[in-house]
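Novice: sequence unavailable; structure follows:
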Ligand SMILES: Cc1ncc(COP(=O)(O)OP(=O)(O)O)c(N)n1
Ligand SMILES: Cc1ncsc1CCOP(=O)(O)O
C-alpha cells in the first residue's frame, strides 16, 4: 500500500481545547490536509481505545486516509486498521509482521542512525525519527536530535524504499527548517512530518493542519531542483554577476538587517549605495510583517543583542521563501557565540553563510584556523575549497569564506575569487558590509526570479541562484575597494571608507563583469 506520509497526525485527545469534540477536531484536521492518522492512547483502557479507534476509522475512511494504531496490535486487528506504530521497547517488528495481515504497514520510532539501520533490516515500512525538538506532549528520554542532524540519521534509508517522518515539537514555524535539514547528500529526505499538539491543541485544527501541509507540499515541489545550475563556466559566471547587479538596481529590494551596533550606519549606507533599500529592525514583534515584503534578510550576530528577533526573523523569512544570509561574526571567540550560532542554525535554514576563515573554521569544528576576537589568525586552511564545500553540504546552503582570497561553494561547485584591497582590512565592518552586499544580491535575485517563475521554484528554499548572488555580493565589495584604493584622494583608511561607498554606488554591471577575478575550482 502506497501511503502519502506528508502530514502524519498523531492523536492527543487530552490536548483538544474545551468546546471541541474529538471527532470535530479530527475532521477539521483531515479537511486541513492530514494524510495519515495514528491513534495514540496512552491512558485509555482497552474498551475506550477500541471505541476511539472505531470512531477514527470512520472518519479516515470518509477522507480516504490510512489509519495506524499506536502500540496495540490487537486494536489494529479489531478495527482492521492499515497498520501499527511500534516503539523501540514494543513488540519486535518481525513478530508483529506475523500477527498482522500481509500488507499491514509497520512503523517504528528511531532516535539514532543505528536504530534506523536495524529498522530497515527488520522490515519496517517507515521510521518515526525523533524527538527532533522539545515537546511537552510526551516525556521524552532520548536526546533531542535538532533539525541539522536528521540527514545523517536517515542515511541508512538511502537506496531503500523505507519512508520516514520526523516527530517531536514540530510546528508550522519550524516545519520548513526540519524538512530542509533532513536532506541527505544523495538528495533523499524526510517523507513527512508527524505532529500532535500543533494541530490538536489548536482552536482551529483545519488552519493549523493546512499551514503544516503547505510547508510540506512546498518542500516536495521544490525538491525537484535542489542544487543551483548544473554547469557554470567562468564566462557564464562573469556575465551572471553583472546581470545580478542589474537586478539589484532594477528591483531595489528591501534588505532587512539585524546587525551589530558597530556597523549599522555603514551597512545601511552600503545597501543604499548598491541601489537597494535597508531597514535595520530588531524587534521580534515586527518580524512577521517584514518577512512578507520580498527581499533579503541579513542576520549578523556581531553584538548579540537581539537573539529572539534573529530567531523569529529567520523563521518567518523561511516561511516566506526569503533568503537568509547569516554572518556569524566572531563565532569562534566564545563558547556562548558557538552555542548561539547552533541555536540559530537549528531555528531556521540559512541560504548563505558568510564568514572569515576563523568563523568558517569555528562553524566547521576545525582547529586549523583560529579566531582572535572577530578576526582570524594563522595562515589559513590548507584546503579552503574542501572546507567551504563540506560546510555548504553540512548546512545545505551556500558558504562564502572571505579573506585575501574569497571562496564560495554551494556544496557542489567551488569558486575562488581574487579581488580586493588591503585597505578593506584597515576599516572596521568591511566583512559586515560583505554580508550586507550578499543579502542585497540574494534579495534582488530572489525577487526577480520569483516574479519570473511565479509558482515554479528553482531552489530548495528561495527562488533565484543564490550561488551567483553570493559571488556577486562579495565581488561588488572587493571590486569597489580596488577602484576606491586607486583614487588620488584616498590617503589611508579614513579617506578610503567614503571613497569606497562612492565607488560602490558608481559600480556598473559591465565593470563588475569585466573585473571579477573568478576561477572555478570544481
Ligand atoms: C510517527 C511516530 N513516531 C514516533 C512515535 C513515538 O512512538 P513510541 O516511541 O512508541 O512512543 P509512544 O508514542 O508510544 O509514547 C509515534 N507515536 N509516532
Ligand atoms: C509521540 C512522540 N514521540 C516522540 S515526540 C512525541 C510527541 C510529539 O508531540 P508534539 O507534536 O506535540 O510535539
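Specialist: That came in fine, so what should we check first? Only a predicted model underlies this, so the values are computations on that prediction, with no experimental measurement involved. Ligands and ions are numbered 1, 2, ... in the order given.

Novice: all helices of the stretch 101-250 of the chain, in order?
Specialist: Under the criterion DSSP state H, counting those that start in this stretch, the stretch 101-250 of the chain contains helices at 113-122, 150-153, 172-181, 197-200, 205-222, 234-251.

Novice: so which of those comes closest to ligand 1?
Specialist: For the helices of the stretch 101-250 of the chain, proximity to ligand 1 was assessed by CB to the nearest ligand atom; helix 113-122 is nearest, at 10.4 Å. In short, each C-beta sits where N, CA and C put it, glycine included.

Novice: name the residues of the stretch 101-250 of the chain found near ligand 2, please.
Specialist: 130-131, 135, 137-138, 140, 167-170, 195-198 (CB under 6 Å from any ligand atom).

Novice: hang on, the earlier thing: dump the helices of the stretch 101-250 of the chain into JSON lines; add distance to residue 276, mean neighbour count and mean pLDDT as well.
Specialist: Below are those laid out as JSON lines (distance: least, CB to CB, whole Å; neighbours: other CB atoms under 10 Å; pLDDT from 0 to 100):
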{"stretch": "helix 113-122", "distance to residue 276": "43", "mean neighbour count": "17", "mean pLDDT": "97"}
{"stretch": "helix 150-153", "distance to residue 276": "33", "mean neighbour count": "20", "mean pLDDT": "87"}
{"stretch": "helix 172-181", "distance to residue 276": "25", "mean neighbour count": "25", "mean pLDDT": "87"}
{"stretch": "helix 197-200", "distance to residue 276": "36", "mean neighbour count": "24", "mean pLDDT": "98"}
{"stretch": "helix 205-222", "distance to residue 276": "25", "mean neighbour count": "20", "mean pLDDT": "89"}
{"stretch": "helix 234-251", "distance to residue 276": "6", "mean neighbour count": "19", "mean pLDDT": "96"}
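
Novice: so can I have CSV of those showing distance to residue 392?
Specialist: CSV is the format used below for the helices of the stretch 101-250 of the chain (distance: least, CB to CB, whole Å):
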stretch, distance to residue 392
helix 113-122, 22
helix 150-153, 13
helix 172-181, 13
helix 197-200, 31
helix 205-222, 18
helix 234-251, 17
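
Novice: now do the end-to-end distance for stretch 255-274.
Specialist: End-to-end distance of stretch 255-274 (CA to CA, to the nearest Å): 11 Å.

Novice: assign residue 499 to helix, strand or coil.
Specialist: helix (DSSP: H, G, I helix; E, B strand; the rest coil).

Novice: wait, it sits on residue 491?
Specialist: No. Here residue 499 does not reach residue 491: they are 9.8 Å apart, not a contact under CB atoms under 8 Å.

Novice: show me what contacts residue 270?
Specialist: By CB atoms under 8 Å, 6 or more residues apart in numbering, the residues touching residue 270 are 433, 436, 437, 477, 501, 504.

Novice: for whichever residue of the stretch 151-300 of the chain sits closest to ligand 2, give me its contacts.
Specialist: Closest to ligand 2 within the stretch 151-300 of the chain is residue 197: 3.1 Å, counting by CB to the nearest ligand atom. Residues near residue 197 by CB under 8 Å, 6+ apart: 12, 15, 135, 136, 137.

Novice: can you check residue 345 too?
Specialist: 148, 326, 395 are the contacts of residue 345 under CB under 8 Å, 6+ apart.

Novice: repeat that with 7 Å
Specialist: Applying CB atoms under 7 Å, 6 or more residues apart in numbering to residue 345 gives the contacts 148, 395.

Novice: please, which helix or strand holds it?
Specialist: helix 335-347 (DSSP states H and E).

Novice: for that helix, give the mean pLDDT please.
Specialist: Mean pLDDT, computed over helix 335-347, is 92.

Novice: ok, whichever helix or strand comes after that helix: who's next to it in the sheet?
Specialist: Using DSSP H and E, the helix or strand that follows helix 335-347 in sequence is strand 352-356. In the sheet, strand 352-356 lines up against strand 324-327 (parallel), strand 398-402 (parallel) (DSSP bridges).

Novice: how about the residues of the chain near ligand 2?
Specialist: So far as CB under 6 Å from any ligand atom goes, the chain lies against ligand 2 at 10, 130-131, 135, 137-138, 140, 167-170, 195-198.

Novice: low-confidence stretches in this structure?
Specialist: Confidence mapping of the chain against pLDDT under 70 gives the ranges 185, 222-230, 371-379, 451-460.

Novice: again, only using 50
Specialist: For the chain, residues meeting the criterion pLDDT under 50 lie at 223-228, 454-459.

Novice: need the residue closest to the centroid of it.
Specialist: residue 349 (1.9 Å; CA atoms, centre = their mean).

Novice: so the residue in the stretch 101-250 of the chain positioned nearest to ligand 1 bridges to which residues?
Specialist: Scanning the stretch 101-250 of the chain for the residue nearest ligand 1 gives residue 128, at 2.1 Å (criterion: CB to the nearest ligand atom). Counting by DSSP bridges, residue 128 is bridged to residue 109, residue 165.

Novice: tell me, how many neighbours does it end up with?
Specialist: By other CB atoms under 10 Å, 25 other residues sit near residue 128.

Novice: returning to that earlier point: need the max-distance pair from the residues of the stretch 101-250 of the chain next to ligand 2.
Specialist: Greatest spatial distance among those (CB to CB): 140 and 198, at 16.2 Å.

Novice: thinking again about what came up before, mind putting the helices of the stretch 101-250 of the chain into CSV with distance to ligand 1?
Specialist: Compiled in CSV, the helices of the stretch 101-250 of the chain are given as follows (distance: least, CB to the nearest ligand atom, whole Å):
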stretch, distance to ligand 1
helix 113-122, 10
helix 150-153, 13
helix 172-181, 14
helix 197-200, 13
helix 205-222, 14
helix 234-251, 43
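
Novice: which bits of the stretch 1-150 of the chain sit near ligand 1?
Specialist: Near ligand 1, when you scan the stretch 1-150 of the chain using CB under 6 Å from any ligand atom, you find 8, 10, 38, 40, 70-71, 85, 87, 90, 107, 109, 128, 130, 138.

Novice: one step back: quick check: buried residues in the helix holding residue 345?
Specialist: 337, 338, 340, 341, 344, 345, 346, 347 (16 or more other CB atoms under 10 Å).

Novice: ok, the fourth one to ligand 1 distance?
Specialist: When you say that, I think you mean residue 341. 29 Å (CB to the nearest ligand atom, to the nearest Å).

Novice: with the third one instead?
Specialist: Counting by CB to the nearest ligand atom, the gap from residue 340 to ligand 1 is 30 Å.

Novice: so that residue makes contact with residue 303?
Specialist: No. Residue 340 lies out of contact with residue 303 (CB atoms under 7 Å); the separation is 11.8 Å.

Novice: domain ranges for this structure, per the record?
Specialist: The chain breaks down by automatic domain parsing into domains covering 7-225, 234-520.

Novice: deepest of these, which one?
Specialist: Of all the domains of the chain, domain 234-520 has the most neighbours on average by mean count of other CB atoms under 10 Å, namely a mean of 21.

Novice: endpoints of that one, how far apart?
Specialist: For domain 234-520, the end-to-end distance is 7 Å (CA to CA).

Novice: repeat for stretch 99-106
Specialist: 11 Å.

Novice: can you give the distance from it to the centre of its chain?
Specialist: Between the centre of stretch 99-106 and the centre of its chain there are 36 Å (CA atoms, centre = their mean, to the nearest Å).

Novice: contacts for that stretch, please.
Specialist: Contacts for stretch 99-106 (CB under 7 Å, 6+ apart): 1, 3, 66, 68, 73, 76, 82-84, 86, 93, 96-97, 124-125.
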